[in-house]
Structure formats: C-alpha cells, structure tokens
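# Okay, predicted coordinates and the sequence, questions at the end:
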Amino acid sequence: MRVLFVCMGNICRSPTAEGVFRHRLLQAGLHERVTVDSAGTGDWHVGKAPDGRSSQAALGRGYDLSSLRARQVQREDFQRFDLILAMDHDNLARLQALRPSAGGAELDLLLRRYQLALDEVPDPYYGGADGFEQVLDLIEQASDALLAEIRGRL
C-alpha cells in the first residue's frame, strides 16, 4: 500500500501527516508494508525542511520531521500511489486537475474520508502555535482511522 499526503507547499500539514502516519505504522509493525510520502501542489518550498513551528509541535509529541524535505506533486504520483489524501478542498481540486486520465490513485480529503468533525485540515501557516497543535490533533485522529483502513486492506 502506498499513501501520499498533499497540502499547498508541503511544509506544514502534509509533512506532519507523513511523520505522524509513519510513526503509527512503525508502532503497528506495518512500516515495511506501507510506503508513505508527502508533497505540495505548489513549488515554493521544494527542497526545504518543514516549517519550524510544525517540526517543533510534532517533536513535542514524539514525531521527528527533520529528515523530510518538500517536493511538488508529479503526474507520476497518480500511478505510484494507491491513495492520495489532500488536506483541503483547494488542494483536492488542484490534484483532480493534475490527474492524468490513466491515474490509478484514489483521491480524497483526509478528514472527510474518516468523517471527522471538520472536512479540512486548516492551514496553520499564518497563525499561532495553537494552529499547529490543532493540525496535530486532527492528523492523529485521521491517522488512527487510516491505519484501521489499511489493516483491512492488507
């Protein structure tokens, strides 16, 4: 199983989702059976580490994002991944527009897929520290649901 998390610049929400979900897979002993990555629909931050506020908030909960680097979604990702999960409606629409006709990946919103309280993971970039904590809360909940789905698929 191969999962790709996507946000706008790949420095806040999607690398957080990648880090949290990798940790969940490791705890569940499924890290060798599931490939996880993250990307952005934009190219502004390609090659950069996650936002320091994201990294700090994640580290406070035991998730190390330091090895991650931003990249932009590529058309090939629709063939390489089974499931592509966007953080918000705007990025989902960008993915749908980019998706090649032969794209095999399933597209969805991360939170909507698991019927959580919100449809979208809010972008914390222009806010304070509490926004990064909220992102972690939502992604942790969604990661638990995604892990249960993947266990069922495997």
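That came through, no problem.

# mind checking the SS state of residue 116?
coil (DSSP: H, G, I helix; E, B strand; the rest coil).

# what sits against it?
Shown in contact with residue 116 (Cβ atoms under 8 Å, 6 or more residues apart in numbering): 138, 141, 142, 145. (C-beta placed from N, C-alpha, C; glycine too.)

# 6 Å - rerun?
residue 141 (Cβ atoms under 6 Å, 6 or more residues apart in numbering).

# how much space between it and residue 47?
32 Å (Cβ to Cβ, to the nearest Å).

# can you tell me how far the closest residue to residue 23 other than its chain neighbours sits from residue 129?
Using Cβ to Cβ, 6 or more residues apart in numbering and skipping the chain neighbours, the partner closest in space to residue 23 is residue 63 (5.4 Å). According to Cβ to Cβ, residue 63 stands 16 Å off from residue 129.

# So for those two, which sits in the more crowded spot?
Using other Cβ atoms under 10 Å, the more surrounded residue of residue 63 and residue 129 is residue 63, with 22 against 12.

# Span of stretch 114-122 from start to end?
Start-to-end span of stretch 114-122 (Cα to Cα, to the nearest Å) is 16 Å.

# What of stretch 112-122?
One end of stretch 112-122 to the other measures 13 Å (Cα to Cα).
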